[in-house]
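Chemist: Fold the following for me, if possible:
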Amino acid sequence: MPVTQRHVASFTAMASAVALVITAMVGLAPALADTAPASANDPQTVSADSLPTAQINGVVWDQEIVGNTVYVGGNFSKARPAGSAPGTNEVPRTDLMAYNLQTGVMTSFAPVLNGEVRALDSSPDGTRLYAVGTFTTVNGVAKNRIVAFDMATGAIVTSFAAAANASLYAVTANAATVFFAGNLTSANGVARPGHAAAALATTGGTTGWAPNLQGGRAYGMEVSPDGSKVVFGGSFTTFNGSGNPGFGLGAVNTTTGASLPWATNSVVRNAGTKAAIYGLSSDADSVYASAYNFGGTGNTEGTARSSWDGTLIWLADCRGDNYSASSSGGVVYITGHSHQCQWVGGALALVLGHGVVSVYAAFVSVADTMVSYASGLMLPIAECRRRVL
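Modeler: Now for the predicted structure:
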């Protein structure tokens, strides 16, 4: 489950104290977020300082940054300014909102949805926001689990009339097409027994694209920078009839839906009812797959970096479920509760029980190295799912 802000605040002192004890035991200085590293060989990383970001009364499942605006989707009904106690200075925000990236101040974007938002994505030109989830109406208009917004006005794009008959959990888009997946078995009345579909960005009409995911669902999707392939991560055990690639990870052509090579799946294999690729993110040259395994059919608790052709670059296998990753400035920030890093040469191996320091260990990976630090504050990083109470 996502780490709660309440738990983080409660155990900050404990985490710091235990980290100091371990440091004394192993004779190593703790690795910390360093905004101005002393050595040119060390990466510059963001601090763990809290930002004055608007707070909500529920859970955030996804965030999408477009320019200087952060769009937030989840399951909540109200939001309040930073520093306000729960229940004070609240304004209505039903499952979707936005705030300024620099100041944390909420914008006027406040659509009304009757169900939660599970995933967000923006169009490549930054003019549209796509949201998927469990909702069936937006601003009183029928929008079955998928909707597009004009970012300039905040209005629904009425010409985009895509629809799904069951909950959606993943969405990604190129210039021409919007790809989505979840528990659906049809899209706009067109059968999609493989639980994935695509819609024309112009009209929302269902295309012929129909990958076949079985044995579980998609948790995340990423489209390649050239728009030619979509990578899936999730709990599915077969993908277009294959289990390798296809056991929690797979990639397809954006036009035909035909499977493409993804060699990482020969190493990272997490799928089924108690294991999955929980988070998927990407940048210009890489895809990051964050994995969890709770006594299930998985072999990885960590994050893997792959090139866009599916080749494994590194595996930060630190033991402890990982939920998401975000790359920035040559550094990858990972959320989870990793606790044992000697597998990847971690500077400080935290071999402690789950739920103590492990919950607050944030990890930064650069190339094939890994450093860790204990922190009592959530990192303000896009794509990181977080619960705010």
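Chemist: Could you report the pLDDT at the nearest residue to residue 132 once chain neighbours are set aside?
Modeler: Sequence neighbours aside, residue 168 is the residue nearest to residue 132 in space, at 3.7 Å (criterion: C-beta to C-beta, 6 or more residues apart in numbering). All C-beta atoms are positioned from the backbone trio N, CA, C, and that covers glycine. In this model, residue 168 is scored at 98, pLDDT.
Chemist: number of nearby residues for residue 168?
Modeler: 29 (other C-beta atoms under 10 Å).
Chemist: quick one, what contacts it?
Modeler: Counting by C-beta atoms under 8 Å, 6 or more residues apart in numbering, residue 168 touches 118, 119, 132, 133, 134, 145, 146, 180, 181, 182, 183, 184.
Chemist: Neighbour-wise, which one of the residues you listed leads?
Modeler: In terms of neighbour count, residue 181 stands highest of the contacts of residue 168 at 30 neighbours, by other C-beta under 10 Å.
Chemist: In which helix or strand does that one reside?
Modeler: strand 177-182 (DSSP states H and E).
Chemist: Likewise for residue 292?
Modeler: Element membership of residue 292 [criterion: DSSP H and E] is strand 286-293.
Chemist: That strand packs against which elements?
Modeler: strand 275-282, strand 302-307, strand 322-328, strand 331-336 (3 or more C-beta pairs under 8 Å, 6 or more residues apart in numbering; DSSP states H and E).
Chemist: can I get those strands in CSV with mean neighbour count?
Modeler: Output for the helices and strands packed on strand 286-293, formatted as CSV (neighbours: other C-beta atoms under 10 Å):
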stretch, mean neighbour count
strand 275-282, 26
strand 302-307, 25
strand 322-328, 22
strand 331-336, 24
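Chemist: Quick one: these as CSV, columns for mean pLDDT too.
Modeler: As requested, the helices and strands packed on strand 286-293 are exported to CSV (pLDDT from 0 to 100):
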stretch, mean pLDDT
strand 275-282, 97
strand 302-307, 95
strand 322-328, 92
strand 331-336, 88
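Chemist: Reformat the ones you listed as CSV; add distance to residue 106.
Modeler: Formatted as CSV, these follow (distance: least, C-beta to C-beta, whole Å):
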stretch, distance to residue 106
strand 275-282, 25
strand 302-307, 31
strand 322-328, 22
strand 331-336, 23
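Chemist: Nearest to residue 173, out of those strands?
Modeler: Nearest to residue 173, of all the helices and strands packed on strand 286-293, is strand 275-282, at 12.9 Å by C-beta to C-beta.
Chemist: Restrict that closest one to CA atoms and write it as PDB.
Modeler: Taking Å, rounded to 0.1, in the frame of the first residue of the first chain, the C-alpha atoms of strand 275-282 are listed here in PDB:
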ATOM      1  CA  ALA A 275       2.700  -9.800  -7.700                       C
ATOM      2  CA  ALA A 276       2.800  -7.300 -10.500                       C
ATOM      3  CA  ILE A 277       4.600  -4.500 -12.200                       C
ATOM      4  CA  TYR A 278       2.900  -1.900 -10.000                       C
ATOM      5  CA  GLY A 279       4.300   1.200 -11.700                       C
ATOM      6  CA  LEU A 280       5.500   2.100 -15.200                       C
ATOM      7  CA  SER A 281       7.200   5.400 -16.200                       C
ATOM      8  CA  SER A 282       9.500   6.500 -19.000                       C
END
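Chemist: partner strands of it, parallel or antiparallel?
Modeler: strand 286-293 (antiparallel) (DSSP bridges).
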